[in-house]
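**Q** Attaching a predicted model along with its sequence, questions to come.
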Amino acid sequence: MSQETGIESSRLLSEETLREPHGFWSMLRTSHPVHKVDEGIGYYLLSRYADVSTALRDPETFSSELSRRFKGGVSAYEDSPEVKQVLAEGCPYVGTLNFTDGERHAAHRRAVRRGFTVARVRQLEDVISGIVAELLDALPYGEEVDLWPRFCVALPIRVITHILGLDPDRATQVKQWGDAQVARFGQPREDEAENLEIAQRIVAMHHYLIGEFEAREKQPRDDFLSDMLAGSEADGISRQELVLIGSQLIVAGAESTASLLGSMIDRLVDNPGQLARMRADRSLIPGAVEETLRSESAIKSAYRFTTRDVEIGGTLIPKDSVVLLLLGSANRDEEMFTGAEAFDITRADAARHLTFGSGIHLCSGAALARAEGRIAMEALLDRTSEIRRLRRPEPAHAPDLTVRKLRSLPLVLVPAE
């Protein structure tokens, strides 16, 4: 089978590729680093580290403003009249934070900066440690337990709910809101009832956040939403923009960290020698976090739109094209990372990964995700003498274009002596 045939048979949006994209990405990097596909709305795919990094650092050419092409806000597809009717009850879409550039983007980053500084994350470490301890206390030891929902997903949801100052009893609902937003990035569901449910959850989230901002306007609190509100007037940020920024933070705070935790534990169990080294030397934990972010990129891809004709890797990409930056592929580029397919917690340059983006769109919550990963791993090692796998669910990962996430993570936690 020729290389071209191999690429054509590995469809970008096929369920197999959405679950396990590494083979497809490898073929792209080898022979088609800038590759045009007609699936969905049509994309140019960038798969090599150098090209993806160039695009991330050139927002004037590779714009993040989804409204240039997406009629449905963050969705690339036309919504049905029924879905549009439901969404009309929420905040109308405007470009915010990750989905805008220039001065508006700078203003939005200023609005969230106080919540995600390194200093503030350090202040949150006691809170994170407390939530980790509570979740680990509730797990059974010595028998199989699915860590994905009960630990990997639960921790970041609880943390982001605390940071934003939301009702902790709404943690499950916050997770549903995050899932609904991620679903809007992919293809519409074949079942229209699911599309309507996704829209209804997004509207419910908007209404809830509107109420939370209104409450803080009357009586400010010592929390993140109050900080955002306090700085919004000076930057001319509307209430609608604040709600949409808050919505993005829910997704960012929940999805990337859950993926990091699940992938790190999963890969370490598959590499018992490295896990044993880390038990003996906890200073290796930050390296394990970075190597997980590199090798199992929590965010697999990011949209960009060309503002002019641009040549990348000898290929001309026309103005107004939709470009998909394959972050996960870039992170496994052999030209950048020697032995890129191997998982190595001592890799010296792992932190050069592009999982959190680069340039002006570098993820504001990166320090928080790293802290959660480190604290969670330290506690898990303290509580166990061994982490054992009895079975591996197949397929292991959920089919998703933008987020790398497990379906489940059944493991046996052998308690520490």
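**A** Received, thanks.
**Q** Which helix runs longest in this protein?
**A** The helix that spans the most residues within the chain, counting by DSSP state H, is helix 239-270.
**Q** List the buried residues in that one.
**A** Of all the residues in helix 239-270, those buried under the rule 16 or more other C-beta atoms under 10 Å are 240-269. Every C-beta, even on glycine, is put in place using the N, C-alpha and C of the backbone.
**Q** Please enumerate the strands of the stretch 51-200 of the chain.
**A** 62-63, 144-146 (DSSP state E, counting those that start in this stretch).
**Q** So for residue 394, which of those sits nearest?
**A** strand 144-146 (14.8 Å; C-beta to C-beta).
**Q** hang on, the earlier thing: determine which stretch of the strands of the stretch 51-200 of the chain is the most buried.
**A** strand 62-63 (a mean of 26; mean count of other C-beta atoms under 10 Å).
**Q** Show the contacting residues for residue 97.
**A** Neighbouring residues of residue 97 by C-beta atoms under 8 Å, 6 or more residues apart in numbering: 105, 108, 109, 112, 244, 245, 248.
**Q** Please produce JSON lines containing the strands of the stretch 51-200 of the chain, extended by mean pLDDT.
**A** Putting the strands of the stretch 51-200 of the chain into JSON lines (pLDDT from 0 to 100) gives the following:
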{"stretch": "strand 62-63", "mean pLDDT": "95"}
{"stretch": "strand 144-146", "mean pLDDT": "97"}
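**Q** Now do the nearest residue to residue 162 once chain neighbours are set aside, the pLDDT please.
**A** In this structure, residue 162 finds its nearest non-sequential neighbour in residue 127, 5.9 Å apart by C-beta to C-beta, 6 or more residues apart in numbering. Residue 127 is assigned a pLDDT of 94 by the prediction.
**Q** pretty sure residue 127 is touching residue 159, no?
**A** Yes: using C-beta atoms under 8 Å, residue 127 makes contact with residue 159 at a distance of 7.2 Å.
**Q** Mind checking which of these two has more residues around it?
**A** Shown here are residue 127 and residue 159; by other C-beta atoms under 10 Å, residue 159 has more neighbours (24 against 14).
**Q** Nearest residue to the residue most central in space within the chain in space, please, no chain neighbours.
**A** Central residue of the chain (C-alpha atoms, centre = their mean): residue 256, 3.5 Å from the mean position. Nearest residue to residue 256, sequence neighbours excluded (C-beta to C-beta, 6+ apart): residue 298, at 4.2 Å.
**Q** I'd like to know how many residues surround that neighbour.
**A** Quick note: residue 298 (other C-beta under 10 Å) scores 26 neighbours.
**Q** quick one: low-confidence parts of this structure?
**A** 1-10, 68, 71-72, 114-117 (pLDDT under 70).
**Q** What is the three-state secondary structure of residue 332?
**A** Put simply, residue 332 is coil when judged by DSSP: H, G, I helix; E, B strand; the rest coil.
**Q** which residues does it contact?
**A** So residue 332 contacts 22, 25, 26, 29, 294, 295, 340, 341 (C-beta under 8 Å, 6+ apart).
**Q** was I right about the fourth one contacting residue 329?
**A** Yes: contact between residue 29 and residue 329 holds when scored by C-beta under 8 Å: they sit 6.2 Å apart.
**Q** shared neighbours of those two, which are they?
**A** Common neighbours of residue 29 and residue 329 (C-beta under 8 Å, 6+ apart) are 47, 48.
**Q** Of the two, which one has the most company?
**A** Applying other C-beta under 10 Å to residue 29 and residue 329 shows that residue 329 carries more neighbours, namely 26 against 22.
**Q** quick one: that one from residue 251, how far?
**A** For residue 329, the distance to residue 251 (C-beta to C-beta, to the nearest Å) stands at 22 Å.
**Q** repeat for residue 290
**A** From residue 290 to residue 251 the distance is 22 Å (C-beta to C-beta).
**Q** Also residue 54?
**A** For residue 54, the distance to residue 251 - C-beta to C-beta - is 26 Å.
**Q** One more: residue 234?
**A** 26 Å.
**Q** coming back round to it: wait, the residue nearest to residue 256 touches residue 253, no?
**A** No: counting by C-beta under 8 Å, residue 298 stays clear of residue 253, with 12.0 Å between them.
**Q** Measure how buried residue 318 is and give me the count.
**A** Counted with other C-beta under 10 Å, residue 318 comes out at 10.
**Q** who's in contact with it?
**A** 306, 309.
**Q** same check, this time on residue 20
**A** 395, 397.
**Q** What does it show for phi and psi?
**A** Note on residue 20: backbone dihedrals following degrees, to the nearest 10 are phi -130, psi 90.
**Q** Could I get the full set of helices for the stretch 301-417 of the chain?
**A** All helices of the stretch 301-417 of the chain, identified by DSSP state H, counting those that start in this stretch, fall at 327-330, 366-383.
**Q** winner for burial among those?
**A** Ranked by mean neighbour count, these are led by helix 327-330 with a mean of 27 (mean count of other C-beta under 10 Å).
**Q** just checking, what packs against it?
**A** helix 22-31, helix 49-56, strand 301-306 (3 or more C-beta pairs under 8 Å, 6 or more residues apart in numbering; DSSP states H and E).
**Q** May I see the ones you listed organised as CSV, with distance to residue 42 added?
**A** What follows is these, written out as CSV (distance: least, C-beta to C-beta, whole Å):
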stretch, distance to residue 42
helix 22-31, 16
helix 49-56, 17
strand 301-306, 12
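**Q** Figure out which of these is closest to residue 215.
**A** With C-beta to C-beta as the measure, strand 301-306 is the member of those nearest residue 215 (33.6 Å).
**Q** Are there helices or strands packed against the closest one, and which ones?
**A** Secondary-structure packing of strand 301-306 (3+ C-beta pairs under 8 Å, 6+ apart): strand 62-63, strand 322-326, helix 327-330.
**Q** quick revisit: okay if I get the strands of the stretch 51-200 of the chain as CSV plus distance to residue 374?
**A** Formatted as CSV, those follow (distance: least, C-beta to C-beta, whole Å):
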stretch, distance to residue 374
strand 62-63, 32
strand 144-146, 22
